[in-house]
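# fold the stuff below for me.
(4 chains)
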Number of protein chains: 2
Amino acid sequence: MEPEKVRAPNIRDVARLAGVSYQTVSRVLNEHVSIRESTKQRVLDVIEEIGYRPNQAARALVTSRSRTIGVLTAQNADYGPTTSVTAIEHAAREAGYRITITSIASNEYPSIKAALDQLQMQAVEAIVVIAPQVRVLEAIRELDITVPYVTLQNADLGGDRSMSVDQVAGGRLATQHLIDLGHTEIMHISGPQDWIEAEARMQGYLEALNDKDLRTRAPILGDWSAHFGYYAGLELLRLKDFTAMFAGNDQMALGFIHACWDSGLSVPGDMSVVGFDDIPEAAHFFPPLTTVRQNFPEIGRRAVSLLLTELQGGTATHGQIMPELVIRRSTAPPAR
Amino acid sequence: MEPEKVRAPNIRDVARLAGVSYQTVSRVLNEHVSIRESTKQRVLDVIEEIGYRPNQAARALVTSRSRTIGVLTAQNADYGPTTSVTAIEHAAREAGYRITITSIASNEYPSIKAALDQLQMQAVEAIVVIAPQVRVLEAIRELDITVPYVTLQNADLGGDRSMSVDQVAGGRLATQHLIDLGHTEIMHISGPQDWIEAEARMQGYLEALNDKDLRTRAPILGDWSAHFGYYAGLELLRLKDFTAMFAGNDQMALGFIHACWDSGLSVPGDMSVVGFDDIPEAAHFFPPLTTVRQNFPEIGRRAVSLLLTELQGGTATHGQIMPELVIRRSTAPPAR
DNA sequence: CCGTTGTTTGTGTACGTTCACATTCCCGTC
DNA sequence: GACGGGAATGTGAACGTACACAAACAACGG
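As a prediction, this is how the structure comes out:
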């Protein structure tokens, strides 16, 4: 009984029913000033009645503005990145923007290029890059993106295009805390070598130790997982020539603590452990984890607001947020 | 020195440089069969050379196909949902689709409607709903969506539009395991009342106890967080009239275990604990957590493949995936 | 009463692509 | 050597919207 093909109502349908021209409808939609209140209301009534929805594609085509922010992520679903994505989505929506997500399939150049191509095909107006590998940032630099973008990682190469938590400062904070407690033999399990954050946290660790002329050690390169922390821990604890561990993130810290218990060591009695990120679970580890807190939602929000001001022609101040040390029960002075 | 406004190259630019008509270029782009290999190559070369990218908006406008799958999520960034989103993005991309994410600001009807409106304005071809509250599914039912959609939660109301892990079976699995160990006084901390999964897991818990004529108790309604598990645990353990706990998710299990230690109880010596989800960290809790594993990536993949077959006119089999009990060290027979 | 100004509304066109249809080309066949 | 017929290519729409410009209308002062 229904007509064969129900075409969605368009701006002309609304105009006809409201007894105005399509342009008037367009003006109502775009909140143009010069429109009589009565006609505006009439148009709005019709829109409501027939359930008209503006066609985004047509809009995007004619304005060449998509009102979309692209988010480029790595393939994994870590706590930090996903928290930031959520914050980005929120901030974007409040500003009338949508987000579209593309993840890179691998760290290789073709994959990165494909992902950015896809975003550009969608005519995103700005891009947030969460993919935290060095190579990704390098690739982005080379591909000279035509839209404003911001990276949530601070590569030195990134310069002024980043909005991030100061990872070096975080690494220093963690290490300094252990030093202050009296530890002199401090080990570090880092993230993967090509990750920007891993590199920076490691640098903070090394700087803090060097400042006090303490022995530095070649950090173990991990993969951020609790599993790695565990197995690396089992291995390292056979020697146990250190009394404190700074783990590159909370998950590895958790795995390492697990290894401590399995090796008959008590935390923090025999071994102090500091993590990084302050995931919500960290407060309930056994023992509750001393860690470095990053404000991921804040980063996401700031990234969006930064992009939005740039889109409006302003110049925004990129920059860094300071992390914060959260002291819990996993650290104590070394046993003597 | 550069021209004022650099317009992106379009299909006609390509045509001119390749010495063909714009339609021929279009045919190359759409992999039409009747095209000579030599001309096809010539066009592709030009495309490569000038860095031409098809305009998605124009495409979407004329075909009224956006090649986009919309994802509707809740505002939180839990492990399960985000893992599924990643899987969805992957599966979609392999099929040539993009995803756009919208989260609902609150559980209220207007917010849900706004989110769905936004997705429809973007002309998404299909929708994946991850928002796990009962009200969201009800709202979706009422709003009669015109595109195929699938929910990753199985509300009974959902019927055949869901692709999910059987949460009731999971709840039974967890509870049955505790019964098999000899526990008769089993407590349950559930998720929030209006969450579909919370309800279903609770139902599995109640069913398993009823089957054996064991005492059921009014479950505590939590909020999924480790914090809640901790504080609820401190409270519950003042009575300690139970020997086993089935927590609605791993985070609450972690918090509860924390409360056990703080209350001087050993896990699993004095108290057995089972979680739900099997987040990667669960294997390294203290003690490693017995839990119910959900295959989130699989769910995401299946949801997409289901939608894609529906988009091609086929009828797909919705359905459920069985969860799996992972036995670790947090459960043991009750102390006698 | 007319020109001036400002407000409100209407008309043509462009955005970049695909679809339907028309045309040309090439090759084998009678 | 003209004739079919399929393969390859070209031409004119159309999708739904916003922008530039034009027109209608009202208000106001000289």
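# so in chain A, where's the weakest helix or strand by average pLDDT?
Lowest mean confidence among the helices and strands of chain A (mean pLDDT, DSSP states H and E): helix A:134-142, at a mean of 83.
# I'd like the next helix or strand past that one.
strand A:149-151 (DSSP states H and E).
# I'd like the average pLDDT over that next one.
The average pLDDT within strand A:149-151 is 90.
# picking that back up, helices or strands up against the least confident helix or strand of chain A?
helix A:109-121, strand A:126-129, strand A:149-151, helix A:196-211 (3 or more Cβ pairs under 8 Å, 6 or more residues apart in numbering or on different chains; DSSP states H and E). Placement of C-beta: from N, CA and C, glycine included.
# neighbours of the closest residue to A:Val326 other than its chain neighbours, how many?
Closest residue to A:Val326 apart from its sequence neighbours, by Cβ to Cβ, 6 or more residues apart in numbering or on different chains: A:Arg293 at 5.1 Å. Per other Cβ atoms under 10 Å in any protein chain shown, the neighbour tally for A:Arg293 reads 17.
# related to what we said a few turns ago, got the angle for the least confident helix or strand of chain A vs helix A:196-211?
110 degrees (axes from the mean of the first three to the mean of the last three Cα atoms, to 10 degrees).
# what about helix A:134-142, distance to the chain center?
17 Å (Cα atoms, centre = their mean, to the nearest Å).
# check stretch A:205-225 too.
25 Å.
# report the buried residues of it.
Applying a neighbour-count criterion of 16 or more other Cβ atoms under 10 Å in any protein chain shown, one finds A:205-209, A:216, A:219-225 buried in stretch A:205-225.
# can you get me the start-to-end distance on it?
Using Cα to Cα, to the nearest Å, the span of stretch A:205-225 from its first residue to its last is 20 Å.
# sorry, back to before: TSV please, covering the buried residues of stretch A:205-225 and showing distance to B:Arg27.
Converted to TSV, the buried residues of stretch A:205-225 look like this (distance: Cβ to Cβ, whole Å):
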residue	distance to B:Arg27
A:Tyr205	58
A:Leu206	59
A:Glu207	60
A:Ala208	63
A:Leu209	64
A:Thr216	63
A:Pro219	56
A:Ile220	56
A:Leu221	50
A:Gly222	51
A:Asp223	46
A:Trp224	47
A:Ser225	48
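# closest one of those to DNA strand D?
A:Trp224 (44.8 Å; Cβ to the nearest atom of the strand).
# how much space between A:Leu61 and DNA strand D?
Plainly put, A:Leu61 is 4 Å away from DNA strand D if you go by Cβ to the nearest atom of the strand, to the nearest Å.
# near DNA strand C, which residues of chain A?
A:20-24, A:27, A:32-36, A:39-40, A:58, A:61-62, A:64 (Cβ under 7 Å from any atom of the strand).
# among those, which ones are in helices?
In this view, those that belong to helices under DSSP state H are A:Tyr22, A:Gln23, A:Thr24, A:Arg27, A:Thr39, A:Lys40, A:Ala58, A:Leu61, A:Val62.
# filter those to the buried ones?
A:Thr24, A:Arg27, A:Thr39, A:Lys40, A:Ala58, A:Leu61.
# ok so, going back, and the two most separated of the ones in helices among the residues of chain A next to DNA strand C?
Across these, the longest distance by Cβ to Cβ is 26.8 Å; it joins A:Thr39 and A:Leu61.
# quick one on the thing from earlier: near chain B too, which of the ones in helices among the residues of chain A next to DNA strand C?
Checking these against chain B by Cβ under 8 Å from any Cβ of the partner chain, the ones in range are A:Ala58, A:Leu61.
# list just the nearest of the ones in helices among the residues of chain A next to DNA strand C to A:Asp144.
A:Leu61 (24.7 Å).
# tell me, how many residues neighbour the residue lying closest to that closest one once chain neighbours are set aside?
Closest residue to A:Leu61 apart from its sequence neighbours, by Cβ to Cβ, 6+ apart: B:Ala57 at 4.2 Å. Number of residues near B:Ala57 (other Cβ under 10 Å) recorded here: 24.
# how about the residues of the stretch 101-250 of chain A near chain B?
Near chain B, when you scan the stretch 101-250 of chain A using Cβ under 8 Å from any Cβ, you find A:101-103, A:105, A:117-118, A:120-123, A:225-227, A:229-230.
# now with 7 Å, please.
The stretch 101-250 of chain A comes close to chain B at residues A:Ile101, A:Ser103, A:Asp117, A:Gln118, A:Gln120, A:Met121, A:Gln122, A:Ala123, A:Ser225, A:Ala226, A:Tyr230, as judged by Cβ under 7 Å from any Cβ of the partner chain.
# filter these to the buried ones?
So, of these, A:Ile101, A:Ser103, A:Gln118, A:Gln120, A:Gln122, A:Ala123, A:Ser225, A:Ala226, A:Tyr230 end up buried under the neighbour-count rule (16+ other Cβ under 10 Å).
# pick the one among the buried ones among the ones in helices among the residues of chain A next to DNA strand C closest to B:Ile179.
Among those, and counting by Cβ to Cβ, the member closest to B:Ile179 is A:Ala58, at 60.7 Å.
# model confidence for the residue nearest to A:Gln167 when sequence neighbours are not counted, exactly?
Distance criterion Cβ to Cβ, 6+ apart; nearest residue to A:Gln167, sequence neighbours excluded, is A:Ala200 at 3.4 Å. You'll see A:Ala200 listed with a pLDDT of 93.
# run a quick neighbour tally on A:Ala200.
Neighbours of A:Ala200 (other Cβ under 10 Å): 23.
# so it sits against A:Ala169, correct?
No. The criterion here is Cβ atoms under 7 Å, and A:Ala200 misses it with A:Ala169 at 9.0 Å.
# phi, psi of the nearest residue to A:Tyr79 once chain neighbours are set aside?
Sequence neighbours aside, A:Ile279 is the residue nearest to A:Tyr79 in space, at 4.8 Å (criterion: Cβ to Cβ, 6+ apart). Main-chain dihedrals, A:Ile279, degrees, to the nearest 10: phi -70, psi 160.
# circling back: from the buried residues of stretch A:205-225, pick the one nearest A:Ile140.
Checking the buried residues of stretch A:205-225 one by one against A:Ile140 (Cβ to Cβ), the nearest turns out to be A:Trp224, at 21.9 Å.
# and that closest one, what element?
Per DSSP H and E, there is no helix or strand for A:Trp224.
# next one: phi and psi at it?
phi 80, psi -10.
# please list all residues in contact with it.
A:Gly191, A:Gly248, A:Asn249, A:Gln251, A:Met252 (Cβ atoms under 7 Å, 6 or more residues apart in numbering or on different chains).
# A:Ala114 too?
Contacts of A:Ala114 (Cβ under 7 Å, 6+ apart): none.
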